[in-house]
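**Q** A predicted structure for the sequence below; I have some questions about it.
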Amino acid sequence: MTALLRGATLKGRDVELNWSDGEPGLALSLFWLRDHCQLPQSHHPETRQRLHDTFKIPTAIAAQAVGLEDNGRVLRIDWAGEDHVSRYDANFLAALRRDPDVLPIRRRTWDRDIIARATLQVPYEDFLKDDAVLKDYLEKVESYGFAFVEGVPGTPEATRAVAKRIAYIRETIFGGYWDFTANMEHKDTAYTSMAIGPHTDGTYAFDAPGYQMFHCLAADCTGGENVLIDGFMIAEIMKRDHPADYKLLTEIAIPGQYLDHENGIHLMARRPLFRLNDAGQLAQVSYNNHDRAPFTLSLSQQTAFYRALTTFAQLCADETLHYRRRLLPGSVLLFDNWRVLHARDAYTGYRRLAGVYLNKEDVESRLRVLRIKAGEPV
Ligand SMILES: C[N+](C)(C)CCCC[C@H](N)C(=O)O
Ligand SMILES: O=C(O)CCC(=O)C(=O)O
């Protein structure tokens with residue numbers, strides 16, 4: 001879909017742009033426009049990396065003429081004092097009207113009833129061979145925070161194939177592809193048959209894994225069901241019903257830790273439970289009460305903090321917000337670890353869980369390209 005330019009007006013050292021789609025216009029300085037000239041000598045035609053020296057552009061740079069070409073598909077600038085004409089694609093300029101690094105998604109927050117009505121799966125064979133199905137799957141993950149590939153052979157190879165169809169596997173202290181039972185292979189209760197409360201992984205990592213994939217390869221056990229919770233829905237509820245608690249959880253940086261000194265590991269990181277982006281929007285839910293490291297606050301803040309944390313934890317325990325599922329071989333779950341909390345019931349018997357972590361930027365990157373190839377705005 002092409003966003004056609006309707007007007008380009010030179011005002012001093014700035015250019016005011018308007019599009020025919022009626023969305024708000026944009027003002028760009030001549031300096032910015034020269035810095036973003038798309039000619040091969042300015043930006044590498046293959047790598048699209050900037051080649052010219054930004055810092056040699058004259059601060060008083062001027063234009064001889066500014067106008068539209070190709071019925072508004074192109075902005076043209078004839079630079080004063082140099083034999084240089086820059087042309088800019090109207091779509092390239094239109095995309096600048098919002099943050100290009102923020103993947104536009106139609107997030108659907110959910111509770112138990114809403115998610116029960118959602119279609120959350122795609123078939124394995126089509127997922128592997130059809131980009132449209134892969135895109136549909138990732139759009140579901142972005143909308144709801146999780147989705148399933150169904151009909152996956154209960155093998156490590158097929159599990160890896162699902163992961164690699166999306167992005168390369170992220171290595172962590174647990175390795176890349178992990179495949180575990182209750183064998184205490186790592187110093188973490190995930191490697192036991194104990195219950196694990198609602199949490200997101202990697203609170204002890206500066207960059208918590210963006211996504212987590214689970215494939216239960218064996219479930220010869222009683223118990224062991226998983227629960228998923230939409231942390232963004234909890235944020236909406238707290239913002240509405242407990243605004244002071246919500247605000248506090250956007251401000252207090254909570255440290256997470258992973259301790260295994262025998263193996264030379266002592267990971268620490270900290271961020272607010274509700275991490276906001278520069279625009280003040282919720283970007284990440286980061287919570288793991290098991291892994292929360294000791295930290296002090298002023299006495300009054302300690303009281304307020306535990307009150308806010310208790311409000312959050314009580315909402316996590318609210319079964320009307322739960323998606324409960326017994327993971328079985330054949331169903332590969334991918335969930336947004338910056339949004340969806342997961343929990344596990346205790347179990348007795350044999351249970352084998354495999355999976356991987358994927359980076360937030362790599363999954364978003366995959367979806368951007370799939371959208372471009374489908375002719376959609378990214
Ligand atoms: C997923 N895998 C079993 C490999 C690791 C689990 C580690 C969980 C850790 N307590 C955390 O919350 O990050
Ligand atoms: O065993 C499970 O189902 C999940 C374990 C867990 O919470 C984790 O690996 O983070």
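**A** Nice, I can see it. Ligands and ions are numbered 1, 2, ... in the order given.
**Q** Mind checking the pLDDT average for stretch 253-265?
**A** Computed over stretch 253-265, the mean pLDDT rounds to 97.
**Q** So for that stretch, what gets flagged as buried?
**A** For stretch 253-265, a neighbour-count test (16 or more other Cβ atoms under 10 Å) marks 254, 256, 257, 258 as buried. Any C-beta I mention is one placed from the backbone N, CA and C, and that applies to glycine too.
**Q** Over to the second one: give its phi and psi.
**A** Think residue 256. Per-residue torsions, residue 256: phi -110, psi 150 (degrees, to the nearest 10).
**Q** you'd agree it is up against residue 290?
**A** No - taking contacts as Cβ atoms under 8 Å, residue 256 lies outside contact range of residue 290: 9.5 Å.
**Q** Stretch 59-68 spans what distance, first to last residue?
**A** 24 Å (Cα to Cα, to the nearest Å).
**Q** What are the contacting residues of that stretch?
**A** Residues outside stretch 59-68 that contact it (Cβ atoms under 8 Å, 6 or more residues apart in numbering) are 5, 7-10, 13, 15, 30-31, 34, 74-81.
**Q** switch the cut-off to 6 Å
**A** 5, 8, 10, 15, 30, 31, 34, 76, 77, 78, 80 (Cβ atoms under 6 Å, 6 or more residues apart in numbering).
**Q** how much space is there between the residue nearest to residue 176 when sequence neighbours are not counted and ligand 2?
**A** In space, and not counting its chain neighbours, residue 176 is closest to residue 169: 4.3 Å by Cβ to Cβ, 6 or more residues apart in numbering. According to Cβ to the nearest ligand atom, to the nearest Å, residue 169 and ligand 2 sit 15 Å apart.
**Q** And what about residue 190, helix, strand or coil?
**A** Following DSSP: H, G, I helix; E, B strand; the rest coil, residue 190 is assigned to helix.
**Q** Any idea what the residue nearest to it when sequence neighbours are not counted is bridged to?
**A** Leaving out its chain neighbours, the residue that sits closest to residue 190 by Cβ to Cβ, 6+ apart is residue 196, at 6.5 Å. Note on residue 196: beta-bridge partners residue 344, judged by DSSP bridges.
**Q** I figured residue 196 hits residue 344, correct?
**A** Yes - applying Cβ atoms under 6 Å, one finds residue 196 in contact with residue 344, separated by 4.6 Å.
**Q** More neighbours: these two, which one.
**A** Set residue 196 next to residue 344 and count neighbours by other Cβ atoms under 10 Å: residue 344 wins out with 23 against 18.
**Q** returning to that earlier point: in terms of distance to residue 281, which of the buried residues of stretch 253-265 ranks first?
**A** Distances from residue 281 to those, taken as Cβ to Cβ, are shortest for residue 254 (19.7 Å).
**Q** Sticking with the closest one, tell me its helix or strand.
**A** strand 253-260 (DSSP states H and E).
**Q** just how off-centre is that strand within its chain?
**A** Chain-centre distance of strand 253-260: 22 Å, with Cα atoms, centre = their mean, to the nearest Å.
**Q** Show me the helices in this protein, by range?
**A** Counting by DSSP state H, one finds helices in the chain at the ranges 30-35, 90-94, 112-116, 124-129, 131-144, 156-166, 231-241, 243-251, 299-316, 360-373.
**Q** From the contact counts, what lies against the longest one?
**A** Read it as helix 299-316. helix 243-251 (3 or more Cβ pairs under 6 Å, 6 or more residues apart in numbering; DSSP states H and E).
**Q** Now do the helix it packs on: which elements does it pack against?
**A** If you count contacts as 3+ Cβ pairs under 6 Å, 6+ apart, helix 243-251 packs onto helix 231-241, strand 274-276, helix 299-316.
**Q** Quick check: buried residues in the shortest one?
**A** Looking back up the chat, that one is strand 274-276. Buried positions in strand 274-276, judged by neighbour count with 16+ other Cβ under 10 Å: 274, 275.
**Q** helices or strands next to that strand in the packing?
**A** Packed next to strand 274-276, using 3+ Cβ pairs under 6 Å, 6+ apart, are helix 243-251, strand 282-285.
**Q** Any chance of the ones you listed in a markdown table with mean neighbour count as columns?
**A** Formatted as a markdown table, the helices and strands packed on strand 274-276 follow (neighbours: other Cβ atoms under 10 Å):
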| stretch | mean neighbour count |
| --- | --- |
| helix 243-251 | 17 |
| strand 282-285 | 21 |
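**Q** where does residue 174 sit relative to residue 150, distance-wise?
**A** 26 Å (Cβ to Cβ, to the nearest Å).
**Q** before we move on, the earlier item: in TSV, list the helices and strands packed on helix 243-251 along with distance to residue 223 and mean pLDDT.
**A** Output for the helices and strands packed on helix 243-251, formatted as TSV (distance: least, Cβ to Cβ, whole Å; pLDDT from 0 to 100):
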stretch	distance to residue 223	mean pLDDT
helix 231-241	24	98
strand 274-276	31	98
helix 299-316	19	97
